[in-house]
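Novice: Any chance you can model this:
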Amino acid sequence: MLSQIMISLDSLPHLPGCYLFKDTEDAVLYVGKAKDLKKRVASYFQKPNHDPKTANLLQAAQDLDFIVTNTEVEALLLENTLIKKHWPRYNIKLKDLLKLERIDCRSIVRPSPKLNS
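Specialist: Numbering: from 1, shown residues only. Sure thing, here's the model as predicted:
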């Protein structure tokens, strides 16, 4: 597990994007986003003690893919799309995705309608 992912780590750029941890059958286990892919993914392997969910994810992960985006906002939208497409088992807060589908229009300044007579 670690050797394959460590090789992938070397190829990660210092750019925004999404990363996908995959299992032996190439199924997506987890989708994450980062403003700096290299730093974010490396952080999984620098910390000795992980919470149980992350420890299980790292144990099951056999491969790592990544997609570079132009901005952090693009990474956020791509993450949302990838999670909806793959439904990874370690992305447990799927209900948070619904927040991205709503836009709060209350703060948008609009001219009031006027009647012409």
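Novice: for the record, mean pLDDT for the helix ranked longest in the chain?
Specialist: Using DSSP state H to define each element, the chain has its longest helix at helix 72-86. What helix 72-86 shows for mean pLDDT is 95.
Novice: Give the buried residues for it.
Specialist: 74-76, 78-80, 82-83, 86 (16 or more other Cβ atoms under 10 Å). Any C-beta I mention is one placed from the backbone N, CA and C, and that applies to glycine too.
Novice: same thing with stretch 28-35?
Specialist: In stretch 28-35, counting by 16+ other Cβ under 10 Å, buried: 28-34.
Novice: related to what we said a few turns ago, out of the buried residues of helix 72-86, flag the one nearest to Lys22.
Specialist: Among these, His86 lies closest to Lys22 (Cβ to Cβ), at 9.6 Å.
Novice: quick one: the closest one and Val28 touch, right?
Specialist: Yes - contact criterion Cβ atoms under 8 Å: His86 and Val28 qualify, at 4.0 Å.
Novice: what residues are shared contacts of the two?
Specialist: Common contact partners of His86 and Val28 (Cβ atoms under 8 Å, 6 or more residues apart in numbering): Leu20.
Novice: before we move on, the earlier item: which ones among the buried residues of stretch 28-35 map onto strands?
Specialist: Among the buried residues of stretch 28-35, DSSP state E puts 28-34 in strands.
Novice: what's the longest helix of the chain packed up against?
Specialist: strand 17-22, strand 28-34 (3 or more Cβ pairs under 8 Å, 6 or more residues apart in numbering; DSSP states H and E).
Novice: out of those, which comes closest to Asp65?
Specialist: Using Cβ to Cβ, the helices and strands packed on helix 72-86 put strand 17-22 closest to Asp65, at 4.5 Å.
Novice: Sheet-wise, list the partners of the closest one with their directions.
Specialist: strand 28-34 (antiparallel), strand 63-68 (antiparallel) (DSSP bridges).
Novice: which residue packs closest to the residue positioned nearest the centre of the chain, ignoring adjacent ones?
Specialist: What sits nearest the mean C-alpha location of the chain, by Cα atoms, centre = their mean, is Gly32, with 2.3 Å. Distance criterion Cβ to Cβ, 6 or more residues apart in numbering; nearest residue to Gly32, sequence neighbours excluded, is Tyr19 at 5.3 Å.
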